[in-house]
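Asker: build the 3D model from these lines:
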Amino acid sequence: ERIGIAGAGTMGAGIAQAAVLGGIETVIQDPDQGALEKGISRLREGLAKGAERGRWSDEDAARALNRLTPGGGGIDSLAGCDLVIEAAPEDLELKRELFAALAEACGPEAVLATNTSSLSVTAIAAPTPVPERVVGMHFFNPPVLMELVEVVAGDDSSVAALEAATEVASRMGKTPIRARDSVGFVGN
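Answerer: As a prediction, the model looks like this:
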């Protein structure tokens with residue numbers, strides 16, 4: 001019912017926009033306050049442009065924006081989210097550190113998803129105490145317009161975590177497909 005986005009860059013802001021348009025309460029977090037503000041501004045602009053172009057109404061855009069909560073600079077602002085989607089740069093060590101921190105901050109029940117386009121989900125999950133909660137959710141750019149989402153199973157990903165990621169992607173209006181944890185998954 002509540003998701004978090006770790007990273008407010010182009011992909012993070014776009015994923016957050018898709019989530020709020022899908023009716024999902026969303027927290028967006030970035031350790032860089034300037035990046036967070038820029039991402040939220042990009043999201044607001046995207047909602048306004050979509051309303052201007054008739055993709056959704058002004059009222060839908062306003063309701064979507066009301067579903068967005070800016071997280072503070074700390075990862076703890078994502079506590080209480082049922083699923084967190086990481087949208088950080090493609091750097092394995094950075095993602096591994098982030099997932100270890102997310103696992104601690106979000107508790108034992110949250111599903112943790114990486115938006116990686118090419119790194120191993122299994123390798124990203126390795127430092128977490130519960131790798132069965134880690135999956136891939138690879139959105140394509142721009143996330144609001146591109147319909148496909150690759151839901152990637154790492155070696156230890158649970159069926160429940162994969163089903164949760166698939167359900168969230170569907171609620172965002174996306175077409176989720178399952179992919180193996182292999183170089184480039186399906187789309188790349």
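Asker: and the strands in the protein?
Answerer: Assigned by DSSP state E, the chain shows strands spanning 2-6, 25-29, 68-70, 83-86, 111-114, 134-139, 148-153, 175-180.
Asker: packing partners for the shortest one?
Answerer: Using 3 or more Cβ pairs under 8 Å, 6 or more residues apart in numbering; DSSP states H and E, the elements in contact with strand 68-70 are strand 25-29, helix 33-52. For every residue, glycine as well, the C-beta is placed using N, CA and C.
Asker: pick the most buried one from those.
Answerer: strand 25-29 (a mean of 24; mean count of other Cβ atoms under 10 Å).
Asker: now do it: everything it contacts.
Answerer: 1-8, 12-13, 16, 19-20, 36, 39-40, 43, 67-75, 77-78, 81 (Cβ atoms under 8 Å, 6 or more residues apart in numbering).
Asker: okay, now the unreliable bits of this protein?
Answerer: 73, 182-188 (pLDDT under 70).
Asker: excluding its backbone neighbours, what's nearest the residue most central in space within it?
Answerer: Most central in the chain under Cα atoms, centre = their mean is Ile85, positioned 2.8 Å from the mean C-alpha point. The shortest distance from Ile85 to any non-neighbouring residue, by Cβ to Cβ, 6 or more residues apart in numbering, is to Ala113 (4.7 Å).
Asker: can you count the residues close to the one you found?
Answerer: When counting by other Cβ atoms under 10 Å, one arrives at 36 neighbours for Ala113.
Asker: what's stretch 40-58 in contact with?
Answerer: Here stretch 40-58 makes contact (Cβ under 8 Å, 6+ apart) with 8, 10, 13-14, 16-17, 20-21, 28, 60-61, 64-65, 68, 70, 144.
Asker: would you agree the residue nearest to the centre of the chain is in contact with Val135?
Answerer: No: here Ile85 lies out of contact with Val135, judged by Cβ atoms under 8 Å, at a distance of 9.8 Å.
Asker: now the common contact residues for the two.
Answerer: By Cβ under 8 Å, 6+ apart, Ile85 and Val135 have these common neighbours: Ala113, Thr114.
Asker: write the ChimeraX selection for whichever of the contacts of stretch 40-58 are buried.
Answerer: One line in ChimeraX is enough to select the buried ones among those; burial here means 16 or more other Cβ atoms under 10 Å:
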select :8,13,14,16,17,20,21,28,60,61,64,65,68,70,144
